[in-house]
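Enquirer: model this:
(2 chains)
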Amino acid sequence: MKTMKKLLPWIVIVIAAAGCSPVNSNGTKPADSSSNGNLKVVYIAKSSGNPYFTQIENGFKKAASQMGFEYSSQSPATADATSQLEIIKGQIQRGVDVIAISPNSPDALDQVLDEARRKGIVVICVDDDLVGNETHRDAAVLPCDVTVVGDSQIDLMGKLMNYTGDFAILSATTDAPNQNAWIAEMKKQLALPKFANMHLVTTVYGDDESQKSATETEALIAKYPHLGGILSPTSVGLAAAAQVLDDEGVYPGGDHASKSGIQLTGLSTPNQMKKPLEKGVVSSFQLWDPADSGYLAGCLGVLIKEKKVTITTGASVAVPGGNPTKVEDKGVLFTGPMLTFDKSNISKYNF
Amino acid sequence: MGGGDLKRDYIPGILALLALAFFSRLSPHFLDWHFLVTNSTVYMEEGLLALAMTFVIIAGQIDLSVASMMGLVACLTAKLISGGANLFLAILFAVVFGILLGTFNGVLVSKLKLPSFLVTLGTLATYRGLCQAILGPTSVALPSTFIGIDKVGIGGIPDPVILFIVLAIGSSLLLRRTVLGRWVIATGANESAARYSGIPVDRVTILTFAGAGLMAGIGALLMISRLGVAHYDLASGLELDVITVVVVGGTSIAGGQGSIVGTVLSLLLIDVIKTGMDVANIKIEYQLTVVGMLLILAVLTMNGADFYTNLRKNVSLRQVTTEEPQL
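Expert: Below is the predicted model:
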């Protein structure tokens, strides 16, 4: 009896384990396709509770209603390298047809994504790619191409300054690849005749730190008394510069503005710039619309699954209600165009 | 020591069965033996750490650095292997280095008489900091020969699961059938009493921490083989999941009481619940809430079970006293 009592817990383990086994024998294999015949698409964000990803989800929801697929989403509590792994395994077992993911790691998910693709699931990266491991996904949908960002930003700066005067660029770090590519594109545009009267005096780097960006902005104002514009294609830089222009009152219409004041613009999310925009320190700025990425990825996933599209460089992907998108190298598709925020539309966005 | 613990052991096992029934109702995709077994490889590293943590907690201590140790061993071993080191030597290194990291904790706790909570809170940060110092933001990829231990197995059961079961049985025997096991329990139940009865309390404490290091070393190998890469934040935050498993398994956080069987059943329970919620596509915020409530529920039921047992003991004691002849 005593040994029996000691063995009992182990027996519980065995029964618990055996409790799962009859499934295979009675033949009720999990259904491979969804109940109503619609394709199942899941989007896995980097982490929960970030409005940027909620906006991506809005795009997926729109795609779901246009293309008629079953949409659901899931996200890990933290954004560490492997936090999405268990979610992906669960989704594979759920029998989804498309996994769209904003990956937290460019390589830690390779094994499980391969597992998904072996089961015929289409894997699409959204907003961020598996850099260097592109063979582990079918395609990637990334926000606006370098040329689109660079051209739109310099155009907006020009428009704000009436295409005349001196301006400066406030960037992040000297080796940030995105920043440098955008700035190179802007400089290329500046050679065009319409920018003939605009002069880029300098490019300074705030290292994506508020304090350093603010100091650099103060130095710009002191050093270039005729400065007509500051372009900051980074949200940290733009917010810091807006604060400095506000404090010193040198924005257009500010107390200490010389002539027309300094026009400030750049890249940021609407939520970060609501206050300076309302006060008039900044009159407009830009960002890609994350919903565009969600919409394109949702449509693309279904089209690939239905074999209506094959991902080859140079191919063209047509989605309902949008211009055809070209497939770039390594199966990357860029969304477009840029979204310009000003007083008239900012209240419509929340991310 | 056996009888009273038995009820505590049952509770997570029964809950696991209920959870199995519940989730197979909730989702048609859940009850699939092959899926459940292969998916459980994700939880085996947590399980190995929980085995060792059971000893540490029974001995009256806590080790918050287990996940950081596993991360550090993983980073260094991956770096060695990708640098072309001999595979056998790299595996040996992982195990020995893990034991060293754990021993360091144990020595600080027992020889310097520092509270284990503070010592391991310190090494949690130190070891993780070293991970980041060594690897930086980049990750190290492992050669394909080393990848995929979770994809091979015997009779459809993946190797990490088999390894865990073997080590769990070994740990249970070690705790229940050996002098060392008795010493661990005695140390946690009453340290000074144990010291006065001649038990080498310091050595026992160091051994439990070294055991945690050993399991972190083995877990690190399983983890990098499963993922194919090492990154500085691997397993970050896992220590809390490990402690949850041990406590839900009925091990007393005050020390002196607990069992490996309880820990194994508790791991099974948490594995079933987390997997079930993933398959049923339940949002992460609700998942966290459920696991948190489970912890509180487990502690409550076990306290209730203890209260009931004590009540019965007291009643029978009283009966014995009343039966004594009056003077």
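Enquirer: Can you give me the distance of the closest residue to chain A within the stretch 51-200 of chain B to B:C75?
Expert: The stretch 51-200 of chain B approaches chain A most closely through B:S139 (5.5 Å), counting by Cβ to the nearest Cβ. C-betas here are computed from N, CA, C, even on glycine. For B:S139, the distance to B:C75 (Cβ to Cβ, to the nearest Å) stands at 9 Å.
Enquirer: Just confirm the residue of the stretch 51-200 of chain B closest to chain A contacts A:S105, I think it does.
Expert: Yes: using Cβ atoms under 8 Å, B:S139 and A:S105 qualify as a contacting pair, with a distance of 7.1 Å.
Enquirer: For B:G153, what are phi and psi?
Expert: Backbone torsions for B:G153, taken as degrees, to the nearest 10, come to phi -180, psi -170.
Enquirer: Could I get the contacting residues of the spatially closest residue to A:A257 that is not a sequence neighbour?
Expert: Using Cβ to Cβ, 6 or more residues apart in numbering or on different chains and skipping the chain neighbours, the partner closest in space to A:A257 is A:V250 (5.3 Å). A:V250 makes contacts with A:I221, A:H256, A:A257, A:S258, A:G261, A:I262, as judged by Cβ atoms under 8 Å, 6 or more residues apart in numbering or on different chains.
Enquirer: List the contacts of A:K119.
Expert: If you count contacts by Cβ under 8 Å, 6+ apart, then A:K119 has A:I92 around it.
Enquirer: low-scoring stretches of the chain, by residue?
Expert: Since you didn't name a chain, this refers to chain A. Low-confidence segments of chain A, defined by pLDDT under 70, span residues A:1-36.
Enquirer: was after chain B, sorry
Expert: In chain B, residues with pLDDT under 70: B:1-7, B:316-327.
Enquirer: Compare B:S139 and B:C75 and say which is more crowded by neighbours.
Expert: Counted by other Cβ atoms under 10 Å in any protein chain shown, B:S139 and B:C75 do not tie: B:C75 has more neighbours, with 27 against 22.
Enquirer: In three-state terms, label the more buried one for me.
Expert: Counting by DSSP: H, G, I helix; E, B strand; the rest coil, the backbone at B:C75 sits in helix.
Enquirer: which non-adjacent residue is nearest whichever residue of chain B sits closest to chain A?
Expert: As assessed by Cβ to the nearest Cβ, chain A sits closest to B:D278 within chain B, at 2.8 Å. When the adjacent residues along the chain are set aside, B:D278 lies closest to A:G90, with 2.8 Å between them (Cβ to Cβ, 6+ apart).
Enquirer: In this structure that neighbour contacts B:V279, no?
Expert: Yes: here A:G90 lies in contact with B:V279, judged by Cβ under 8 Å, at a distance of 4.8 Å.
Enquirer: now, which of the contacts of A:V250 lie within helices?
Expert: In helices, defined here by DSSP state H, the members of these are A:I221.
Enquirer: Show the buried residues in the contacts of A:V250.
Expert: Among these, those classed as buried by 16 or more other Cβ atoms under 10 Å in any protein chain shown are A:I221, A:G261, A:I262.
Enquirer: do you know how far the second one is from B:Q132?
Expert: When you say that, I think you mean A:G261. From A:G261 across to B:Q132, the span is 44 Å (Cβ to Cβ).
Enquirer: Ok, the first one next?
Expert: Using Cβ to Cβ, A:I221 is found at 38 Å from B:Q132.
Enquirer: State the helix or strand in which the residue lying closest to A:V112 once chain neighbours are set aside lies.
Expert: In this structure, A:V112 finds its nearest non-sequential neighbour in A:I88, 4.9 Å apart by Cβ to Cβ, 6+ apart. Using DSSP states H and E, A:I88 maps to helix A:85-94.
Enquirer: next one: A:G228
Expert: When elements are assigned from DSSP H and E, A:G228 belongs to strand A:227-232.
Enquirer: quick one: strands adjacent to that strand?
Expert: Sheet pairing here is set by DSSP bridges, and for strand A:227-232 it gives strand A:165-171 (parallel), strand A:263-266 (parallel).
Enquirer: Tell me where the chain has strands.
Expert: Since you didn't name a chain, this refers to chain A. Residue ranges of the strands in chain A, as given by DSSP state E, are A:40-44, A:70-74, A:98-101, A:122-126, A:139-142, A:165-171, A:198-205, A:227-232, A:263-266, A:284-287, A:316-317, A:325-326, A:332-334, A:339-342.
Enquirer: not what I meant, chain B
Expert: Ranges of strands within chain B are B:140-141, B:153-154, B:157-158, B:229-230, based on DSSP E.
Enquirer: Would you check how far apart B:G83 and A:A172 are?
Expert: Computed as Cβ to Cβ, the B:G83 to A:A172 distance reads 33 Å.
Enquirer: ok, those two, which is more surrounded?
Expert: Just comparing B:G83 and A:A172: by other Cβ under 10 Å the higher neighbour count belongs to A:A172, 22 against 9.
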